[in-house]
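K.L.:
next one to model:
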Amino acid sequence: MVNFRRLRLQVLNIKYLWYLIVPWLLIVGLRDNGVVAQLNRYGFDRLLALRPSEPLDDRIVIVTIDREDLGQEPEPERNIISDQNLAQVIDQLAAAQPSVIGVDIVRDGSIDPDLTAAYRRHPMTVGLTSIQEKEAVAPSGVTPDRAGFGDYEPDEDSLVRRALLASFDPPMPQYSFAFLVAQKYLKQRGKAVTVTPQALRIAGKSIAPLSRNNSTDKIFEMLVNYRHAYPSFRQVSWTEILQGKIPDLRGKVVLIGYIAAIKQDFVNTSVFWETPQKVKGNITGVEYHGHIASQLIATGLGQRNIIQPVPAWVHYIWLLGCLLGNGLVFKVINFKYPFWILVIVFFTYIAGVCLGIYLLFLAGWWLSVGLTSILLIADGPLRITWYQKEQAMRETADRRQQTITEAFNAIHNGPLQELSLLRQAIQSQELSMSTISERLEKLNQQIRQVGESLQANGTSNSSKMLVLGNGELLDLQIPLNELLHLVADRVLYYETHPQLTHLKIRVISFQAVPNEKNLSLDQKRQICQFLEEAIGNVAKYADRSTKLQLLGTVQRNIYRLSIEDNGGGILSDRAGVGTQQAQELAATLQGSFSRIPNKDANGVCCTIEWPLPK
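P.N.:
Now for the predicted structure:
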């Protein structure tokens, strides 16, 4: 469980604040950088491509004009549709009762009166102008609400991701071709759509422009949510319409536009798969306007979302949350797991961040992929480096603590046990001064041997060795039952324990531990130290013992290690150091420890048991 109070104190520590300050300064410094913009463009394209597939929008029908259609015109060398034929097609289409007719054809110079008359006869018709090319004009008498500009602005990589909806340059506002088409369609269905320099208001929503307008920026822009389908709209040829082959167009939007390559009316995107007819990402201008109109219409009817950037304050909260999330990931790991676990968790966290961006995108909200990527790229390695440094320091501290613990256990299980026995013998006046001197000298040698063994062990791989109380080293990598036999042999036949040499009955049997690989070397070390300490206690307290039984048995997926004697029994209920260590060992093994009177004789039975993996 995470200690949140300690975590708060660590966050306040300047050492940990650097892991917030450095990435944050990087974000602030790079927010308007070209690298961020490039990452944002790439991320936007990938998110568009990853959306679920959508069906064809049957509300929009495109009348296509290809090269063959241009060749059948009265003046084929001009590669344009005549005003007379265009007026005839508008009349024929209007007879099919569509909601809107959008003519995505630029007319330069004078316009035939027949075409002007057709526009006047059919008020649902929208023409095309331009805010950049002043020679592109609409038929005379057509009001501004029926002539929209078809201009668009590609990004630096020549791909079009934005739609220009309106221009508010004096003397009067001008609206885009696609916006007017969608506005007329929705108005017939009781849905109001308006756009001002501050917001696009549609379906009860207020959509802010991509950037706040100022004195030099009077264009309302929004991101294009291209329909994820190809083809996206039904297409009918120009020749079929002239021949009177008109499909059911009631209540639909009809767009008329060129698809002939010689007209060079193409828009580059990155969201359409390659087809035999088109280069990947290349769509015609009339299709581009169809996507914008389709997006506005579907949003006005509550069927689709316009993609808009999240407010700036939400964006910064998101980035700050990513920073804190990084820190929480590293804190939860808390150096308890290997480095590869950290890497897996960290990349899982990054995947979660990406999923959050994707889900927000599907809901119509755009987060800066560039800034988020830079944050994760900058903060992740920084924290991994810090983690490795802290882990190295933690491992050094753990090794020191392990050395201290081994020294204590070795001295406790050897010299201290011998010192206790010697003290008992002196109090009972059983030893002569020469014997006492001899045993003190052996005790001195024993302490020196423990120190030398610990020193030698520290220069090698200490985690793989066990230091006994007599200073001897045992390899922890051999099977546990063999280790237990070695420990029992070294302690029982050690010459400073004369009480144990007079035992009449010794039963020693240790079965192999199934799935021993699940035990760590440190757990094996502690099990052996438990056995050593328990045998030493028999020598210390059970001076009337004639029987000692050391057993390691497997019983119903439980391994049971027991030490029994028939000595004087339990003399005190106080839990000593050995008992406390045994209880801690049982906890790490998820088992139990007991020290109870021996039922068969006046003695003690010490047992530790733990479950075996299935």
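
K.L.:
hey, let's count contacts and neighbours off CA atoms from now on
P.N.:
Noted.

K.L.:
just give the closest residue to Asp475, not the sequence neighbours.
P.N.:
Using C-alpha to C-alpha, 6 or more residues apart in numbering and skipping residues adjacent in sequence, the residue nearest Asp475 is Met465, 4.8 Å away.

K.L.:
I should have written Leu561 there, sorry.
P.N.:
Nearest one to Leu561, counting by C-alpha to C-alpha, 6+ apart, is Gly552 at 4.4 Å.

K.L.:
look up phi and psi at that neighbour.
P.N.:
phi -130, psi 110 (degrees, to the nearest 10).

K.L.:
one step back: tally of neighbours for the residue nearest to Asp475?
P.N.:
20 (other C-alpha atoms under 10 Å).

K.L.:
repeat for His289
P.N.:
Other residues near His289 come to 24 when the count uses other C-alpha under 10 Å.

K.L.:
so the closest residue to it other than its chain neighbours is in which element?
P.N.:
For His289, ignoring the flanking residues on the chain, the nearest one in space by C-alpha to C-alpha, 6+ apart is Ala178 at 5.3 Å. Element membership for Ala178 (DSSP states H and E) is helix 177-187.

K.L.:
could you do Val103 as well?
P.N.:
Element membership of Val103 [criterion: DSSP H and E] is strand 100-104.

K.L.:
elements contacting that strand?
P.N.:
Contact partners of strand 100-104 among helices and strands, from 3 or more C-alpha pairs under 8 Å, 6 or more residues apart in numbering; DSSP states H and E: helix 83-95, strand 125-129, helix 177-187, strand 253-258.

K.L.:
got the CA coordinates for that strand in CSV?
P.N.:
Once non-C-alpha atoms are left out, strand 100-104 reads as follows in CSV (Å, rounded to 0.1, in the frame of the first residue of the first chain):
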residue,chain,number,x,y,z
VAL,A,100,-29.6,22.0,-51.3
ILE,A,101,-27.7,22.2,-54.6
GLY,A,102,-24.0,23.2,-54.2
VAL,A,103,-22.2,24.2,-57.4
ASP,A,104,-18.4,23.8,-56.7
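
K.L.:
can you list contacts of that strand?
P.N.:
By C-alpha atoms under 8 Å, 6 or more residues apart in numbering, the surrounding residues in contact with strand 100-104 are 90, 93-94, 124-128, 150, 177, 181, 184-185, 251-258, 286.

K.L.:
again, but for stretch 605-614
P.N.:
Taking C-alpha under 8 Å, 6+ apart as the rule, stretch 605-614 contacts 514-515, 518, 534, 557-565, 582, 586, 589-598.

K.L.:
ok, now stretch 186-199?
P.N.:
Outside stretch 186-199, the residues that reach it (C-alpha under 8 Å, 6+ apart) are 99, 165-166, 168, 183, 200-203, 206-209, 212-213, 218-220, 297, 300-301.

K.L.:
if we can go back for a sec, give the buried residues for the following helix or strand past the helix holding Ala178.
P.N.:
Per DSSP H and E, the first helix or strand lying C-terminal to helix 177-187 is strand 193-195. For strand 193-195, burial by neighbour count (16 or more other C-alpha atoms under 10 Å) applies to 193, 195.

K.L.:
and strand 193-195, how far out from the chain middle?
P.N.:
39 Å (C-alpha atoms, centre = their mean, to the nearest Å).

K.L.:
mean confidence for the very next helix or strand once past it?
P.N.:
Next along the chain after strand 193-195, taking DSSP H and E as the criterion, comes strand 200-202. Averaging pLDDT along strand 200-202 yields 91.

K.L.:
ok, now stretch 257-275?
P.N.:
Mean pLDDT, stretch 257-275: 75.

K.L.:
hmm, back to that, what angle do the strand holding Val103 and helix 177-187 make?
P.N.:
180 degrees (axes from the mean of the first three to the mean of the last three C-alpha atoms, to 10 degrees).

K.L.:
in strand 100-104, which residues are buried?
P.N.:
Buried, per 16+ other C-alpha under 10 Å, within strand 100-104: 100-104.

K.L.:
likewise for stretch 146-157?
P.N.:
Across stretch 146-157, burial judged by 16+ other C-alpha under 10 Å covers 146-152.

K.L.:
which one of these is nearest to Val487?
P.N.:
The nearest member of those to Val487, counting by C-alpha to C-alpha, is Tyr152 at 84.8 Å.

K.L.:
tell me the buried residues in stretch 46-64?
P.N.:
Within stretch 46-64, judged by 16+ other C-alpha under 10 Å, the buried ones are 47-49, 57, 59-64.

K.L.:
quick check, nearest of these to Ala117?
P.N.:
Using C-alpha to C-alpha, Val63 comes nearest to Ala117 of the buried residues of stretch 46-64, at 20.7 Å.

K.L.:
could you measure from the closest one over to Phe233?
P.N.:
10 Å (C-alpha to C-alpha, to the nearest Å).

K.L.:
try Pro154
P.N.:
Per C-alpha to C-alpha, Pro154 is found 23 Å from Phe233.

K.L.:
so the residue nearest to His289 touches Asp151, yeah?
P.N.:
No: with contacts counted by C-alpha atoms under 8 Å, Ala178 stays clear of Asp151, the gap being 10.5 Å.

K.L.:
surely Tyr559 meets Thr553?
P.N.:
Yes: between Tyr559 and Thr553 there is a contact at 5.8 Å, judged by C-alpha under 8 Å.

K.L.:
which of the two has more neighbours?
P.N.:
Using other C-alpha under 10 Å as the criterion, Tyr559 and Thr553 rank with Tyr559 on top: 20 against 16.

K.L.:
quickly find the element holding the more buried one.
P.N.:
Per DSSP H and E: Tyr559 is located in strand 558-565.

K.L.:
neighbouring strands for that strand, and are they parallel or not?
P.N.:
Paired strands of strand 558-565, with direction, are strand 547-554 (antiparallel), strand 604-611 (antiparallel) (DSSP bridges).

K.L.:
among these, which is nearest Trp340?
P.N.:
Here strand 604-611 is closest among the strands paired with strand 558-565 (C-alpha to C-alpha), at 28.0 Å.

K.L.:
re earlier: any chance of the buried residues of stretch 46-64 in JSON lines with pLDDT as columns?
P.N.:
Converted to JSON lines, the buried residues of stretch 46-64 look like this (pLDDT from 0 to 100):
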{"residue": "Leu47", "pLDDT": "91"}
{"residue": "Leu48", "pLDDT": "89"}
{"residue": "Ala49", "pLDDT": "86"}
{"residue": "Asp57", "pLDDT": "91"}
{"residue": "Arg59", "pLDDT": "94"}
{"residue": "Ile60", "pLDDT": "95"}
{"residue": "Val61", "pLDDT": "95"}
{"residue": "Ile62", "pLDDT": "94"}
{"residue": "Val63", "pLDDT": "94"}
{"residue": "Thr64", "pLDDT": "91"}
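
K.L.:
between the residues you listed, which is nearest Thr348?
P.N.:
Leu47 (18.9 Å).

K.L.:
isn't the closest one right next to Tyr358, touching?
P.N.:
Yes: contact criterion C-alpha under 8 Å: Leu47 and Tyr358 qualify, at 6.7 Å.

K.L.:
leaving out sequence neighbours, find the closest residue to Ile606.
P.N.:
Ile isn't right for residue 606; it's Cys. The nearest residue in space to Cys606 (C-alpha to C-alpha, 6+ apart) is Arg595, at 4.5 Å.
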